[in-house]
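Colleague: Model the structure of this input:
(one chain, ligands or ions: 1)
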Amino acid sequence: MATASRTISPVRGAGDLLLLTGPMFAGKSAALIAHAATEQQRRAGRDRDGGDHAVLVLKPAFDIRDGADVVSSRDGTRIAARPVSEWPVDATEYGVVVIDEVQFMVAPHYRGDIVADIRSAVAAGCQVVAAGLDTDYMRRPFEPVVRLAAHASRHVRLSACCHRCAAPAAWTAKLHETGCRLELGSGNLYEARCDQHWAAPDQMAPGLPTIADVAS
Ligand SMILES: [Zn+2]
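Modeller: Coordinates of the predicted model:
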């Protein structure tokens, strides 16, 4: 169940883009789910279809970690989602379009230009909320996310908690190199790191304790 405290206030207007970025473990999906759930509830009381056709939740089709048709967060919230590899033709029928893991909506996982698709939806009057990583594990920017930031009505950059010292963490670190930039994974492959503790995979200090190690 989404909690209101995690909700970010929707942008008002005919069509607009709210962009949520940050490293892994920053709560982007939780914020996205809370936003979608709030919009569904808000519109359910107003729309004749009960709100079911008011909010469209999209996710990359290749991301099936928690099921093909669901977006889930690490705090346990979930929401039904449509897996896509191209922009859905019926998107403009929805008042709100919510997109998770938008950095993955690039070739070969996505046909077309997600930035152009989102801009078209906004121009058509959709409220779009997109969440994604702004940088990869080498702190290289994800190109579509950088471009989206230039078009966002609001851009909220979330921080995580450094897995080594609990300080605010702006970066994703990969624990060992796999040679793949667009790679799914969780705590077994990635960690959130602060400036002090971020390192490239080939410079990871072995044996550095995590917060969990220290607490146990
Ligand atoms: Zn740290």
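Colleague: and the longest helix for the protein?
Modeller: Ranked by residue count, the top helix of the chain under DSSP state H comes out as helix 28-44.
Colleague: Give the rounded mean pLDDT of that helix.
Modeller: Mean pLDDT, helix 28-44: 90.
Colleague: Tell me the helices and strands packed up against the helix or strand that it is followed by.
Modeller: Going down the chain from helix 28-44, the next helix or strand is strand 55-60, by DSSP states H and E. The contact analysis (3 or more CB pairs under 8 Å, 6 or more residues apart in numbering; DSSP states H and E) places strand 55-60 against helix 28-44, strand 82-84, strand 96-99. Backbone N, C-alpha and C define where each C-beta goes, glycine included.
Colleague: on that earlier part again, buried set for the longest helix of the chain?
Modeller: 28-40, 43 (16 or more other CB atoms under 10 Å).
Colleague: repeat for stretch 190-204
Modeller: Tyr190, Glu191, Ala192, Arg193, Cys194, His197, Trp198, Ala199, Met204.
Colleague: quick one: Leu182 and Met24, what's the gap?
Modeller: The span separating Leu182 from Met24 equals 13 Å under the rule CB to CB, to the nearest Å.
Colleague: From Thr178, how far out is the residue most central in space within the chain?
Modeller: Taking CA atoms, centre = their mean, the centroid of the chain lies closest to Ala131, which sits 3.1 Å from it. As judged by CB to CB, Ala131 and Thr178 stand 24 Å apart.
Colleague: where does the protein come near the ion, residue by residue?
Modeller: Cys162, Arg164, Cys165, Ala167, Cys194, His197 (CB under 5 Å from the ion).
Colleague: Kindly recompute the last result at 6 Å.
Modeller: Cys162, Arg164, Cys165, Ala167, Arg193, Cys194, Gln196, His197 (CB under 6 Å from the ion).
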